[in-house]
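>>> can you look at this prediction? I've put the sequence above it.
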Amino acid sequence: MFLALRELIFARGRFALMGLVVALIAMLMVLLSGLSVGLANDGVSGLQRLPVTSLAFQKNVAKDSAFTRSVVSRDAVATLAAQDGVSEAAPLGTTLVNARSGRGLEIDLALFGVEPGSFIDPVVATGSRLGQAADEVVISATAAESGIELGDVLTVEPLGTKLRVVGIMSAQNTFGHVEVGYLPLRTWQEIRAGVQPGDAVPARVYTDVTAIAVAAEQGARVDLAAGDNAAGTTSMTKQESYGASPGYTAETSTLQMIEAFLYVISALVVGAFFTVLTIQRKQEIAVMRAMGASTRYLLRDSIVQSVVLLVTSTGVGIGLGLAAGAAISSSPMPFALEGGPIAVAALLMVALGVVGAAVAVLRIARVDPLIALGGNR
Amino acid sequence: MTPVLDLDEVTLLHGDGEDMVTALDHVTLSVDSGQMVAVVGPSGSGKSSLLAVAGALVTPTSGHVSLGGIDLTTATRRQLSRIRRERLGFVFQSGNLIPALTASDQVRLPLTFGKVKNPRDPRALLEEVGMGHKADRRPHQLSGGERQRVGIARALVTRPHVLLVDEPTAALDRQRSQDVVALLAREAHQHGVATVMVTHDHDVLHHCDEVYEMIDGKLVVTSRA
């Protein structure tokens, strides 16, 4: 402590420069984390908020596009509901459409067809839940932010089906970067089949859905394979199903790769800085070894130094990142700050930096104190 | 009375095979409390090796080194660290001070390495070596002689039994060399420190009690007070 703090003050220019680099990396981490959480929310928040544990799709459907391709008979609901550990099962339909509000506002909608009263029928923050009428729709909170209001009538293009906004959910519900609108399953089935208002509807339109939503009993483990065998479906857990939503895997894996590189780079930068710093102190450390300083003393000294530097600059960087993030959040860019990932990133960065510093010092601490005698300084 | 520092038939070999160099060749040297001895000799004669062996930095190939009755050749790494901290003082060429520390912090530094029994007061010691008025200066703000004085104060703060001094006047002019060596002799005599000084500066030898000459690893007495 004695030497560590005095050296921090003495070489403040050098440490400030390094601190700036660490702060900028930390800031970049916060922004990237916000962007990846924001993108994930934009992609799958509609799925995250479904109170389900797994989804059963058409047998052997392509894993990365199940939501657009899967067709399952709603008869599977009863079979799946009867499986051990399943508390509820209900049909779910998903499809992406273009719609236009009565005031000319164009909006892309992910229509989620559910049976009113089933366990996936959404709760609303304002307005009312889906009722008996066929033309009702409940929309995401973010759709309301972009200008859709209660009582607006949305016309689905090009069919002309009219939907009345009766409720708005409390949180963001998006799917594939498109606002989610919940509507009665029968209406969804008509839209999906391309039925225009006034057409005669064949009965088979009402048999097909996209997937069966399944909720397990509290704490129970459901044997998904057994259910699939019985119902002729392919199940994915809720987590797995995110990968089946449009673009999700591509976006998140790109960002995860960038984040992983950032971690590696920051570890190398911080480690290299402390290595160079320690090598510059070689003579000094040899002198202290000759004077009787133990390896533990030198190590503790160096770790105090790196912890002070890393914690301060990471803190500053996170502060800057949060400020910049607040500014970005008010723009249309998908961005959401979450404490967890930021805390993990910060801890990881401090830990990697301390390890870099410790390794550098341990290598130097083995230095021959004899150097102190030979030096011409 | 037994000497504080005792080297008995110490031999140190460097390298191996054809390149084998005999740095120390059956060197025997005893230094008593309060005695100041000088070792002179040309470069490469083994003077620095003598300090390294006496300072527990290098274990000799054969022979024994004892410091206050403890055999350094059989002590563990940890014991050596402790002996260096509590019983030994080093004065290096041109001071070898820590750039970040002020003169008074330089002197306090050895006391932070571990518990030291009955240390000297850093402030008073700095006054004693004539550096009290520059206690807040860092090494780059001090002259060569001033740095050397701070280095001496740093070596003495733990009340070492033995002080090992390596070419203290290498970077100093004539008058400053006299002052620095006179200071070392005074400290040795007043505080009973057994002092070994390696030098090639013959003008400062009159301050010392005994003078040895090192030639090709062999140590011979040239004058005795």
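Looks like it arrived, so ask away.
>>> now do the residue in chain B that chain A sits nearest to against A:Ser302, distance only.
Here chain B gets closest to chain A at one residue, B:Arg85, 2.7 Å apart by C-beta to the nearest C-beta. All C-beta spots, glycine's among them, are computed from the backbone N, C-alpha and C. Distance, B:Arg85 to A:Ser302, by C-beta to C-beta, to the nearest Å: 19 Å.
>>> the two: which is more packed in?
Remark: of B:Arg85 and A:Ser302, A:Ser302 carries more neighbours, 26 against 21, as counted by other C-beta atoms under 10 Å in any protein chain shown.
>>> burial measure for whichever residue of the stretch 1-150 of chain A sits closest to chain B, as a count.
Residue of the stretch 1-150 of chain A nearest chain B, by C-beta to the nearest C-beta: A:Phe10 (3.5 Å). Close neighbours of A:Phe10, defined as other C-beta under 10 Å, add up to 17.
>>> pLDDT score for it?
Per-residue confidence (pLDDT) for A:Phe10: 92.
>>> again with B:Ala225
B:Ala225 carries a pLDDT value of 60.
>>> contacting residues for the residue of the stretch 1-150 of chain A closest to chain B?
Contacts for A:Phe10 (C-beta atoms under 8 Å, 6 or more residues apart in numbering or on different chains) come out as B:Pro99, B:Ala100, B:Leu101, B:Arg138.
>>> show the average pLDDT along the helix or strand hosting A:Ala346.
Applying DSSP states H and E as the criterion places A:Ala346 in helix A:339-365. In this model, helix A:339-365 has a mean pLDDT of 82.
>>> do stretch A:210-222 as well
Mean predicted lDDT for stretch A:210-222 stands at 90.
>>> ok, of the contacts of A:Phe10, which come out buried?
With burial judged by 16 or more other C-beta atoms under 10 Å in any protein chain shown, the buried subset of these is B:Ala100, B:Leu101, B:Arg138.
>>> so what's the residue of the stretch 251-377 of chain A with the smallest separation from chain B closest to, chain neighbours aside?
Distance from chain B to each residue of the stretch 251-377 of chain A (C-beta to the nearest C-beta) is smallest for A:Gly292, at 2.7 Å. Leaving aside its sequence neighbours, A:Gly292 sits nearest to B:Arg85 (C-beta to C-beta, 6 or more residues apart in numbering or on different chains; 2.7 Å).
>>> what sits against the one you found?
Counted by C-beta under 8 Å, 6+ apart, B:Arg85 has contacts A:Met291, A:Gly292, A:Ala293, B:Pro110, B:Phe113, B:Gly114, B:Val116, B:Thr158.
>>> among these, which are in helices?
Those of the contacts of B:Arg85 mapping onto helices are B:Pro110, per DSSP state H.
>>> just the closest of the contacts of B:Arg85 to A:Gly160, please.
Taking C-beta to C-beta as the measure, A:Gly160 sits nearest to A:Ala293 out of the contacts of B:Arg85, at 84.2 Å.
>>> next SSE after the helix holding A:Ala346?
Downstream of helix A:339-365, the first helix or strand assigned by DSSP H and E is helix A:371-374.
>>> would you mark the buried spots in that next one?
Going by neighbour count (16+ other C-beta under 10 Å), the buried part of helix A:371-374 is A:Ile371, A:Ala372, A:Leu373.
>>> can you give me the buried ones in the helix holding A:Ala346?
For helix A:339-365, the neighbour count (16+ other C-beta under 10 Å) marks A:341-342, A:345-346, A:349-350, A:352-358, A:360-361, A:364-365 as buried.
>>> what do you get for stretch B:104-116?
In stretch B:104-116, counting by 16+ other C-beta under 10 Å, buried: B:Ser104, B:Asp105, B:Gln106, B:Val107, B:Arg108, B:Leu109, B:Pro110, B:Leu111, B:Phe113, B:Gly114, B:Val116.
>>> show me what the longest helix along chain A is packed against.
Determined from DSSP H, the single longest helix within chain A is helix A:12-48. The contact analysis (3 or more C-beta pairs under 8 Å, 6 or more residues apart in numbering or on different chains; DSSP states H and E) places helix A:12-48 against strand A:174-175, helix A:238-242, helix A:248-280, helix A:295-329, helix A:339-365.
>>> so for the helix or strand just after the first one, mean pLDDT?
Right, the one you point to is strand A:174-175. Next helix or strand after strand A:174-175 toward the C-terminus (DSSP H and E): strand A:178-184. Averaging pLDDT along strand A:178-184 gives 94.
>>> and for stretch A:321-334?
On average, stretch A:321-334 scores 85.
>>> next one: it to chain centre, how far?
16 Å (C-alpha atoms, centre = their mean, to the nearest Å).
>>> over to stretch B:177-194?
On the basis of C-alpha atoms, centre = their mean, stretch B:177-194 sits 11 Å off its chain's mean C-alpha point.
>>> does it reach chain A?
No - Stretch B:177-194 lies apart from chain A when judged by C-beta under 8 Å from any C-beta of the partner chain; the minimum separation is 15.5 Å.
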